[in-house]
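*Asks:* from the sequence below, what's the structure:
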Amino acid sequence: MTLLIVDNEKCKKDGICAADCPMAIIKLENKEGPKIVPGGDEFCLRCGHCVAVCPHGALSHKEIPLENCVPLKKALSIDADQAIQFLRSRRSIRSFKDKPVEKGTLKQLIEIGRYAPTASNSQLVTWTVFSDKKQIHDIAGMVIDWVKGILEKDPQPAYAPYMPIIAGAWDMGFDAVLRSAPGLILASAPKEASNGLVDVTLALSYLELAAPPFGLGTCWAGLLYGAMRSHAPIREMLGMTDNVPFYYPMMIGHPKTRYYRLPERKTPKILWK
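*Replies:* Numbers count the residues shown, from 1 in each chain. Okay, here's the model as predicted:
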């Protein structure tokens, strides 16, 4: 059984699909229609390049049907200046409104996140969403317990210098761990993900870039991630088993503030070879 379905009336037999196949398993011989080489189905990445690259709409894939592949709309393309402002305007939000994030909106953002590239197109990222305020507060509290444990065990300043400040802020009623965010998203990948942490990072990056048009802001929860890496009880509370070594948490909610400028960054260090 072949994975390709070719509409011979539309197919121009120009070989574009064969030339673009990343696994080189599509052939076009003697001006016949495109076919997968014998045994090639096993090596197909299910990336959809063959369907996406055909300008004639002549090719479909059994697992990536043509009807599910939305045509690109030229009117929605952005120019270079728009792309620069869009990317530069991303901000890490650390002050959220006391307003829950709708489940439907979170689902939309996760749907966008799933289009991020993954190694070998494995698509093994799993999403865990926390939206209960008390539960998120309890998670932050466990991180504080972990921080205080470090401070008690090591009187020398070998720990991060901000840890005493974060612990003190918590005791005064301020959550500097998860910033009282109304939502927490945890993206994860199992052991079999060959490049799992990169897959997770890219998926969360897609999600955070998509969040502002939905009226939402995000912040990478680095302190929680640090606690998860070295404190098993937190991983267990969040549902991360030993079979899930790749993960990263992200806060999400409605920003309290609005930004009007694009702050500058350091000049990039470029090594031309």
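*Asks:* just want to check the distance between the most centrally placed residue in the chain and Ala119.
*Replies:* Among the residues of the chain, the one closest to the centroid is Ala203, at 1.2 Å (CA atoms, centre = their mean). Using CB to CB, to the nearest Å, one obtains 12 Å as the distance from Ala203 to Ala119. C-beta coordinates here come from the backbone N, C-alpha and C atoms, glycine included.
*Asks:* so how far is Leu45 from Leu66?
*Replies:* From Leu66 across to Leu45, the span is 18 Å (CB to CB).
*Asks:* next one: Trp127
*Replies:* From Trp127 over to Leu45 the distance is 22 Å, taken as CB to CB.
*Asks:* please apply the same query to Gln135.
*Replies:* According to CB to CB, Gln135 and Leu45 sit 38 Å apart.
*Asks:* please apply the same query to Met240.
*Replies:* Here Met240 is placed at a distance of 28 Å from Leu45 (CB to CB).
*Asks:* so the two - more neighbours on which side?
*Replies:* Using other CB atoms under 10 Å, the more surrounded residue of Met240 and Leu45 is Met240, with 18 against 13.
*Asks:* that one is in contact with Tyr247, isn't it?
*Replies:* Yes - counting by CB atoms under 8 Å, Tyr247 is a contact partner of Met240 at 5.7 Å.
*Asks:* next, show the common contact partners of the two.
*Replies:* With contacts defined as CB atoms under 8 Å, 6 or more residues apart in numbering, the residues shared by Met240 and Tyr247 are Leu186, Ser188, Met228.
*Asks:* any idea how far Leu178 lies from Thr126?
*Replies:* On the measure of CB to CB, Leu178 and Thr126 end up 20 Å apart.
*Asks:* compare the two (neighbour count), which wins?
*Replies:* Neighbour count, other CB under 10 Å: between Leu178 and Thr126, Leu178 has more, with 25 against 16.
*Asks:* run a quick neighbour tally on Glu32.
*Replies:* Close neighbours of Glu32, defined as other CB under 10 Å, add up to 12.
*Asks:* my read is that it contacts Cys11, right?
*Replies:* No - if you go by CB under 8 Å, Glu32 and Cys11 don't touch, sitting 9.7 Å apart.
*Asks:* now the helices for the stretch 1-150 of the chain?
*Replies:* 16-20, 49-53, 80-88, 103-113, 133-153 (DSSP state H, counting those that start in this stretch).
*Asks:* which among these is found nearest to Ile26?
*Replies:* Nearest to Ile26, of all these, is helix 16-20, at 4.3 Å by CB to CB.
*Asks:* ok, residues contacting the closest one?
*Replies:* Contact partners of helix 16-20, identified using CB under 8 Å, 6+ apart, comprise Ile26, Lys27, Leu28, Pro34, His49, Cys50, Val53, Cys54, Pro55, Leu59.
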